[in-house]
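Trainee: sequence first, predicted coordinates after that:
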Amino acid sequence: MKYDVIIVGAGPGGIFSAYELMKKKPELKVAVFEKGYSLEKRKCPIDGDKVKSCIKCKSCAIMSGFGGAGAFSDGKYNITNDFGGTLYEYIGKEKAIALMKYVDEINCAYGGAKTRMYSTTDTKFKKICMQNKLQLLDASVRHLGTDINYIVLENLLADLKEKVDFYFNTPVNSIEKLEDEYKVVYENGEAECSECIISVGRSGSKWMESVCSDLDIPTKSNRVDIGVRVELPAVIFSHLTDELYESKIVYRTQKFEDKVRTFCMNPYGIVVNENTNGIITVNGHSFEDPTKRTENTNFALLVAKHFSEPFKDSNGYGESIAKLSNMLGGGVIVQRFGDLVRGRRSNENRIKESTVRPTLAATPGDLSLVLPKRILDGIIEMIYALDKVAPGTANDDTLLYGVEVKFYNMEVELDNNLETKHKGLYVIGDGSGITHSLSHASASGIYVADYIAGNI
Ligand SMILES: Cc1cc2nc3c(=O)[nH]c(=O)nc-3n(C[C@H](O)[C@H](O)[C@H](O)COP(=O)(O)OP(=O)(O)OC[C@H]3O[C@@H](n4cnc5c(N)ncnc54)[C@H](O)[C@@H]3O)c2cc1C
């Protein structure tokens with residue numbers, strides 16, 4: 001069990017580093033260890049019939065396995081330095097964009113060529129947003145959709161399997177530093193390598209903390225984003241989504257001057273549950289295939305919370321809020337906007353009478369019992385601000401699902417090669433705390449693979 005390079009985690013970060021190593025140095029012996037299943041075996045047991053809610057599988061099929069957290073995602077690859085991570089701080093803005101474009105070329109070559117690329121360049125909505133105290137962020141976005149994203153992953157796996165050894169269902173327990181090499185220890189064995197790339201994403205955040213503590217690698221953490229997922233008739237946002245697909249809009253609240261932003265927009269999509277370390281939060285998907293489309297659009301409204309000393313556990317704070325919604329609703333809570341502003345809970349009847357048909361079976365309830373006032377006030381202000389550029393957003397029947405939490409991994413101290421203080425040990429993707437998106441995570445994988453290929 002000796003390898004030149006071992007990659008821990010088969011999410012976009014791990015996949016694209018394996019891909020690049022295969023292309024640039026096919027003679028290298030490369031292995032990928034992944035705690036989840038191979039792509040075809042990834043099946044969430046929730047079928048809405050026998051299994052209605054999360055049964056907390058040992059390895060969550062939605063978050064883990066080949067494709068990582070992105071496998072059943074909407075497959076929106078945003079090419080931008082404005083959001084999705086701070087990779088550019090390490091490798092420079094031009095390089096970061098060039099790598100994201102390269103990732104896009106690979107996605108197209110592996111099945112995504114017929115999908116559409118959207119862009120904010122020259123859009124009239126920038127001005128309209130500005131006139132309404134909203135800021136539209138710059139980006140180009142390739143929307144693969146959940147369906148085509150899966151096909152791209154299938155094709156990549158078929159190619160990679162020829163050259164790379166995959167160990168699925170094999171969580172790595174620890175990494176030990178030997179004199180010039182690393183020992184990767186898993187349940188039934190161990191393997192050695194001269195270069196080790198860790199790409200364990202958000203689901204591996206706790207494990208990443210233990211690795212950093214064992215190997216004395218400095219880290220810092222202070223941010224969590226908390227909010228709701230908004231669902232409304234697709235026609236209300238169609239003038240924006242038809243042209244831009246996803247619009248990242250930022251609003252600074254009048255009351256507290258907090259920033260609220262739209263996140264992960266899914267035109268004609270569905271709202272879904274997400275399981276992070278056993279806590280049920282909410283997310284969204286959409287499909288490229290027109291036959292799978294719904295009548296609704298959904299997106300998140302998030303408020304970033306930055307903490308200062310002495311508080312360090314920002315993710316713990318987010319988890320506690322999500323747990324509160326799980327405690328009250330047994331999972332995700334849904335509320336009509338009209339009920340929220342009138343200070344009353346939504347119930348089955350009010351949801352049934354609503355003109356917006358929910359795409360997720362969530363428990364009708366009262367989000368004001370879950371979300372801190374400052375966050376909730378910010379979200380309500382933003383909904384009224386969005387109503388000016390997309391009239392109807394603040395309708396009584398607009399649905400709010402809570403809570404949506406965006407956890408950030410603690411930031412691992414890395415140099416400009418994304419290498420830790422230990423030579424040959426790299427941390428990439430969302431597990432590094434530097435990236436928070438498919439394109440940034442993938443680009444970080446390519447970057448490190450190129451660096452290693454040049455060194456070996
Ligand atoms: C529902 C959903 C929708 C999303 N939609 C989008 C989107 O449209 N656009 C976008 O840009 N981003 C989206 N994201 C975020 C995106 O998926 C992530 O930013 C991206 O997957 C990060 O890639 P990664 O490789 O760093 O980590 P991950 O994709 O999380 O992959 C890490 C892998 O490491 C494995 N692992 C963890 N610990 C261990 C261990 N100890 N041993 C072995 N393996 C381990 C995990 O099982 C996992 O498969 C979405 C996320 C979710 C959950």
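Mentor: Yep, that arrived. Just so it is clear, the model here is predicted, and its values are computed rather than measured.

Trainee: kindly report the residues of the stretch 301-450 of the chain close to the ligand.
Mentor: For the stretch 301-450 of the chain, the contact set with the ligand under C-beta under 6 Å from any ligand atom comprises 429-431, 436-439, 441. Where you see a C-beta, it was placed from the backbone N, CA and C, and this is true even at glycine.

Trainee: so which of the residues you listed comes closest to Thr294?
Mentor: Nearest to Thr294 out of those is Leu438 (C-beta to C-beta; 22.4 Å).

Trainee: residue contacts, Glu295?
Mentor: If a contact means C-beta atoms under 8 Å, 6 or more residues apart in numbering, then Glu295 has 233-234, 268, 357 as its contacts.

Trainee: mind doing that once more with 10 Å?
Mentor: If a contact means C-beta atoms under 10 Å, 6 or more residues apart in numbering, then Glu295 has 232-235, 268, 356-357, 359 as its contacts.

Trainee: I'd like those residues as CSV, with secondary structure appended.
Mentor: As requested, the contacts of Glu295 are exported to CSV (DSSP: H, G, I helix; E, B strand; the rest coil):
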residue, secondary structure
Leu232, strand
Pro233, strand
Ala234, helix
Val235, helix
Tyr268, coil
Val356, coil
Arg357, coil
Thr359, coil
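
Trainee: that older thread, would TSV of the residues of the stretch 301-450 of the chain next to the ligand with secondary structure be doable?
Mentor: Below are those laid out as TSV (three-state DSSP):
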residue	secondary structure
Gly429	helix
Asp430	helix
Gly431	helix
His436	coil
Ser437	coil
Leu438	helix
Ser439	helix
Ala441	helix
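
Trainee: hang on, the earlier thing: of the contacts of Glu295, which is the most crowded?
Mentor: Neighbour counts for these (other C-beta atoms under 10 Å) peak at Leu232, which has 26 neighbours.

Trainee: can you pull out the low-pLDDT segments for this structure?
Mentor: 456 (pLDDT under 70).

Trainee: residue boundaries of the helices in the stretch 301-450 of the chain?
Mentor: Remark: helices assigned in the stretch 301-450 of the chain by DSSP state H, counting those that start in this stretch are 314-329, 337-341, 348-353, 373-389, 438-455.

Trainee: residue of the stretch 251-400 of the chain nearest the ligand, please.
Mentor: Asn283 (4.1 Å; C-beta to the nearest ligand atom).

Trainee: host element of that residue?
Mentor: Assessed by DSSP states H and E, Asn283 sits inside strand 279-285.

Trainee: how big is the angle separating that strand from helix 314-329?
Mentor: If you take axes from the mean of the first three to the mean of the last three C-alpha atoms, to 10 degrees, strand 279-285 sits at 90 degrees to helix 314-329.

Trainee: how about strand 279-285, which residues are buried there?
Mentor: Across strand 279-285, burial judged by 16 or more other C-beta atoms under 10 Å covers 279-285.

Trainee: coming back round to it: with the residues of the stretch 301-450 of the chain next to the ligand in mind, which one is nearest to the ligand?
Mentor: Of all these, the ligand sits closest to Gly429, with 2.3 Å by C-beta to the nearest ligand atom.

Trainee: mind checking how far the residue lying closest to that closest one once chain neighbours are set aside is from Arg223?
Mentor: Distances taken as C-beta to C-beta, 6 or more residues apart in numbering put Gly13 closest to Gly429, at 2.7 Å, once the chain neighbours are dropped. To Arg223, Gly13 is 20 Å away according to C-beta to C-beta, to the nearest Å.

Trainee: next: Asn417.
Mentor: The gap separating Asn417 from Arg223 is 24 Å, by C-beta to C-beta.

Trainee: coming back round to it: just checking, the residue of the stretch 251-400 of the chain closest to the ligand touches Asp74?
Mentor: Yes - here Asn283 reaches Asp74: they are 9.0 Å apart, a contact under C-beta atoms under 10 Å.

Trainee: got a list of what the residue of the stretch 201-350 of the chain found nearest the ligand touches?
Mentor: Across the stretch 201-350 of the chain, no residue is closer to the ligand than Gly201, which sits at 1.9 Å (C-beta to the nearest ligand atom). Contact partners of Gly201, counting by C-beta under 10 Å, 6+ apart, are 9-14, 63-64, 68-70, 208, 409, 428-432, 435, 441.

Trainee: so what's Glu195 bridging to?
Mentor: Val5 (DSSP bridges).

Trainee: hmm, Leu425 and it touching each other?
Mentor: Yes - the pair Glu195 / Leu425 is scored as a contact, 7.9 Å apart, by C-beta under 10 Å.

Trainee: what do the two both touch?
Mentor: Common neighbours of Glu195 and Leu425 (C-beta under 10 Å, 6+ apart) are 182, 419.

Trainee: which of those two has more neighbours?
Mentor: Neighbour count, other C-beta under 10 Å: between Glu195 and Leu425, Glu195 has more, with 25 against 20.

Trainee: residues touching the more buried one, list them.
Mentor: The contact partners of Glu195, by C-beta under 10 Å, 6+ apart, come to 3-7, 21, 28, 30, 181-182, 419, 423-426, 448-449, 451-452, 455-456.

Trainee: across the sheet, point out what pairs with the closest residue to Ile351 other than its chain neighbours.
Mentor: For Ile351, ignoring the flanking residues on the chain, the nearest one in space by C-beta to C-beta, 6+ apart is Pro364 at 5.0 Å. Legend: beta-bridge partners of Pro364 under DSSP bridges are Val334.

Trainee: look up the closest residue to Leu136, ignoring the ones flanking it.
Mentor: Distance criterion C-beta to C-beta, 6+ apart; nearest residue to Leu136, sequence neighbours excluded, is Cys129 at 4.4 Å.

Trainee: make sure that neighbour is indeed in a helix.
Mentor: Yes - judged by three-state DSSP, Cys129 forms part of a helix.

Trainee: run through the residues that contact it.
Mentor: The contact partners of Cys129, taken as C-beta under 10 Å, 6+ apart, are 123, 135-137, 240, 247, 249-251, 385-386, 388-389.

Trainee: rerun at 7 Å
Mentor: Counting by C-beta atoms under 7 Å, 6 or more residues apart in numbering, Cys129 touches 135-136, 249, 389.

Trainee: just the buried subset of these, please.
Mentor: 136, 249, 389.

Trainee: measure the first one to Ile249 for me?
Mentor: It refers to Leu136. In terms of C-beta to C-beta, Leu136 sits 6 Å off from Ile249.

Trainee: so stretch 161-175, near the ligand or not?
Mentor: Yes - counting by C-beta under 6 Å from any ligand atom, the ligand has neighbours in stretch 161-175: 171-172.

Trainee: show residues contacting that stretch.
Mentor: By C-beta under 7 Å, 6+ apart, the residues outside stretch 161-175 that reach it are 8, 18, 22, 26, 30-38, 182, 184-187, 196, 211, 214.

Trainee: so which of these sit within strands?
Mentor: Of the positions in the contacts of stretch 161-175, 8, 30-33, 182, 184-186, 196 sit in strands, assigned by DSSP state E.

Trainee: the ligand next: which of the residues you listed are close?
Mentor: Of the residues in the ones in strands among the contacts of stretch 161-175, proximity to the ligand by C-beta under 6 Å from any ligand atom holds for 8, 33.
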